[in-house]
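Novice: Mind looking at a prediction? Sequence and model below.
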Amino acid sequence: MVRTTGCADLIARVSGWSTEPTYTRQVTEDGASGGFQSIGQTHAETLVRTTLAPDRGTASLLIHGPTGAGKGAFATDVIALLMCEATDPGARPCNECRSCRLARAGTHPDLVIGSPGAWQEARSTGESTVAAARRWLADASGAPISGTRRVVLVEQLERAGEDIQNVLLKALEEPTPRHLYLLLSDEPSRLLPTIRSRVQSVRIGPLPRGTLVALLMDLDRLPEEQALALARLSGGLAGRARRFAQRPEWLDWRRTTQTELLALLTRGWADRMAAARELIEQASRLTPRSPTADVAPDEPEAVRVPASAQRAAALAVTDAWIDLGRDLLVSAAGHPDQAASRELFADLEQTGRRIGAPALTAVLGVLDTVRDGIESNANPRLALEAAMLTWPRVAVEQP
Ligand SMILES: [Zn+2]
């Protein structure tokens with residue numbers, strides 16, 4: 001028997017917000033549930049189910065949307081849908097059969113996962129990343145092992161250069177019924193138009209605030225007030241909101257980091273350079289690291305943080321920084337109500353106006369470039385130091 005844990009009543013109580021699409025979760029008596037587990041992506045799910053209908057021939061999908069929107073969770077739903085053994089296609093994914101469980105664990109023998117980062121690491125001596133990508137794709141295009149179709153998942157495709165994208169394009173140009181390509185990207189604008197024209201594009205976007213609030217209250221058992229605060233802070237991005245809900249220490253870290261960045265507006269270069277290093281260290285304490293991870297060789301012993309953890313930490317700092325910059329920008333532009341962190345920082349609007357919208361727009365451009373640099377292997381500390389140089393200087397107001 002299926003019961004529905006509806007949250008429409010909760011949504012209705014959150015006045016002024018969209019109540020569509022409503023959020024419902026199907027739960028069977030033994031606690032297992034069938035269907036997609038991503039919440040609020042009804043349109044994307046319908047599009048995928050239509051595109052992948054058996055009578056539609058072969059198709060490749062590009063799942064895209066901002067970082068933290070829940071692309072990974074949605075891709076897992078699609079993989080389970082494709083792998084599920086339920087006889088009734090309408091009941092897929094059942095989330096109970098062996099294939100569903102393996103698909104959700106990422107260990108299904110017919111699931112192949114690659115990314116530009118993984119290809120770079122998989123290079124043999126003297127081999128280029130393009131050659132490694134070509135080798136990986138040749139392996140991936142082998143025959144299915146346990147079922148009738150292989151799912152080839154490529155993550156972070158925007159990090160692939162044009163030459164690698166061209167290698168992938170060849171595979172997309174020769175589709176076979178035995179392979180389905182699933183591409184994931186934060187920034188589809190950085191993909192070749194020829195790739196984009198070969199795939200069905202599926203956008204995973206922010207959720208209506210009421211939907212996300214209801215989701216956080218139900219799945220993460222948050223009180224309404226906290227769920228509201230998280231929904232606002234995460235800009236409606238479900239993946240990001242749920243990460244905050246599951247690791248509340250990240251929220252404290254984010255507030256501390258943004259407070260420090262605001263304070264740095266009035267400080268000199270020496271303080272800023274020291275802060276770049278401290279911010280990475282503080283964030284890396286929250287980033288899980290493996291004991292065998294690589295260590296950046298140019299760091300003194302006392303601050304040795306594995307390079308992969310440094311990169312993840314610097315990306316987290318940059319994201320918090322970009323969010324703060326956006327909040328200052330919308331406040332400066334006369335819309336302080338749209339600032340996610342307006343409840344945390346009382347003088348956000350005043351500070352935003354003093355810096356001015358043109359300077360804030362320029363800073364956000366630099367921060368985007370810095371973020372790209374860190375993702376494509378720039379030294380994380382040097383990248384943050386470069387960002388510190390463009391962070392505006394605001395004179396301390398005399399009392
Ligand atoms: Zn199944």
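Specialist: Yep, it's here.
Novice: quick one: low-confidence parts of the protein?
Specialist: Flagging of the chain using pLDDT under 70 yields the residue ranges 1-32, 287-305, 396-399.
Novice: would you list every one of the strands in the chain?
Specialist: 2-4, 26-28, 61-64, 111-114, 150-154, 179-185, 200-203 (DSSP state E).
Novice: can you redo the ones you listed as CSV with distance to Pro306?
Specialist: All C-beta atoms are positioned from the backbone trio N, CA, C, and that covers glycine. Below are the strands of the chain laid out as CSV (distance: least, Cβ to Cβ, whole Å):
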stretch, distance to Pro306
strand 2-4, 45
strand 26-28, 40
strand 61-64, 30
strand 111-114, 23
strand 150-154, 26
strand 179-185, 25
strand 200-203, 34
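Novice: Including mean neighbour count and distance to Asp337, could these go into TSV?
Specialist: Output for these, formatted as TSV (neighbours: other Cβ atoms under 10 Å; distance: least, Cβ to Cβ, whole Å):
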stretch	mean neighbour count	distance to Asp337
strand 2-4	10	34
strand 26-28	14	36
strand 61-64	24	29
strand 111-114	19	41
strand 150-154	24	39
strand 179-185	23	32
strand 200-203	17	26
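Novice: Okay, and the beta partners of the residue of the stretch 201-350 of the chain found nearest the ion?
Specialist: Closest contact between the stretch 201-350 of the chain and the ion, by Cβ to the ion, is at Val202 (21.0 Å). Counting by DSSP bridges, Val202 is bridged to Ile63.
Novice: ok, it - contacts?
Specialist: Going by Cβ atoms under 8 Å, 6 or more residues apart in numbering, Val202 touches Ala44, Leu47, Val48, Thr51, Leu61, Leu62, Ile63, His64, Phe74.
Novice: From those, pick the one nearest the ion.
Specialist: Nearest member of the contacts of Val202 to the ion, counting by Cβ to the ion, is Val48, at 16.0 Å.
Novice: Now for the closest one: which residues touch it?
Specialist: Here Val48 is in contact with Leu61, Val78, Leu81, Val202 (Cβ under 8 Å, 6+ apart).
Novice: Try it again at 7 Å.
Specialist: Listed by Cβ atoms under 7 Å, 6 or more residues apart in numbering, the contact set of Val48 reads Leu61, Val78, Val202.
Novice: Quick one: name the residues of this protein near the ion.
Specialist: Contacts of the chain with the ion, taken as Cβ under 5 Å from the ion, map to Cys84, Ala86, Cys94, Cys97, Cys100.
Novice: Nearest spatial neighbour of the second one, chain-adjacent residues omitted?
Specialist: Of all residues not flanking Ala86 in the chain, Cys94 sits nearest, at 4.3 Å (Cβ to Cβ, 6 or more residues apart in numbering).
Novice: ok, how many other residues are close to Thr58?
Specialist: Thr58 has 13 neighbours, counted by other Cβ atoms under 10 Å.
Novice: where's the residue nearest to it when sequence neighbours are not counted relative to Leu169, distance?
Specialist: Leaving aside its sequence neighbours, Thr58 sits nearest to Pro175 (Cβ to Cβ, 6+ apart; 4.1 Å). Going from Pro175 to Leu169 by Cβ to Cβ, to the nearest Å gives 12 Å.
Novice: Can you name the two of the contacts of Val202 that sit furthest apart?
Specialist: For the contacts of Val202, the maximum inter-member distance is 14.5 Å, found between Thr51 and His64 (Cβ to Cβ).
Novice: on that earlier part again, who are the contact partners of the residue nearest to Ala86?
Specialist: Cys94 makes contact with Gly34, Cys84, Ala86, Cys100 under the criterion Cβ under 7 Å, 6+ apart.
Novice: Let me know how buried the first one is, in neighbour terms.
Specialist: For Gly34, the count of nearby residues is 20 (other Cβ under 10 Å).
Novice: Does it touch Asn95 like I think?
Specialist: Yes. Between Gly34 and Asn95 there is a contact under Cβ atoms under 7 Å: 5.5 Å.
Novice: Pull up the overlap in contacts between these two.
Specialist: In terms of Cβ under 7 Å, 6+ apart, Gly34 and Asn95 are not both contacted by any residue.
Novice: Run a quick neighbour tally on Leu360.
Specialist: The local packing of Leu360 (other Cβ under 10 Å) involves 22 other residues.
Novice: Perfect, I'm done here.
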